[in-house]
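Chemist: quick one: sequence plus predicted model below, questions after.
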Amino acid sequence: MIKITEIQIKLVKPREGLLGFASFLLDEKLYLSSIGIFSKMDGTGYRITYPTKKIGDTNLQIFHPINKELSICIEQAITNEFSKLVEGDEYVVR
């Protein structure tokens, strides 16, 4: 069972769909951060992006899930926490 805990959300002034950044502990063994939280283009919710580093013309992924189960688990945990944080707030403009 995948365990995602200590989710922290840092809100930013919305710009080009970016709403904030998330960090969390994975299975109480690995700290992951700088995960972008974006509004979906169709306004139906949120999506997340994982950090990259640009070297020359190439964007290298720092980390990302390698299977669908983990990807869905992380996305749901982060977007649920984000939704609770901004629920009823005019912060999110769709």
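Modeler: Sure thing, it's come through.
Chemist: chain center to the strand or helix carrying L25, what's the gap?
Modeler: In this structure, L25 sits in strand 18-26 according to DSSP states H and E. Strand 18-26 has its C-alpha centroid displaced from the chain centroid by 5 Å (C-alpha atoms, centre = their mean, to the nearest Å).
Chemist: list the helices and strands the next helix-or-strand element following that strand packs on?
Modeler: Following strand 18-26 in sequence order, the next helix or strand is strand 30-39 (DSSP H and E). Using 3 or more C-beta pairs under 8 Å, 6 or more residues apart in numbering; DSSP states H and E, the elements in contact with strand 30-39 are strand 18-26, strand 46-49, helix 68-86. For glycine as for every other residue, the C-beta is placed from the backbone atoms N, C-alpha and C.
Chemist: pairing partners for strand 30-39, with directions?
Modeler: Sheet pairing for strand 30-39, assigned by DSSP bridges, gives strand 18-26 (antiparallel), strand 46-49 (antiparallel).
Chemist: quick one: buried residues of the longest one?
Modeler: For strand 18-26, a neighbour-count test (16 or more other C-beta atoms under 10 Å) marks L19, G20, F21, A22, F24, L26 as buried.
Chemist: can you check what angle separates it from helix 68-86?
Modeler: In terms of direction (axes from the mean of the first three to the mean of the last three C-alpha atoms, to 10 degrees), strand 18-26 departs from helix 68-86 by 120 degrees.
Chemist: which residues does strand 18-26 contact?
Modeler: Defining contact as C-beta atoms under 8 Å, 6 or more residues apart in numbering, one finds that strand 18-26 is touched by 2-12, 31-39, 46, 48, 74, 77-78, 81-82, 86, 91-92.
Chemist: to E69, which of the strands paired with strand 30-39 lies closest?
Modeler: strand 18-26 (12.9 Å; C-beta to C-beta).
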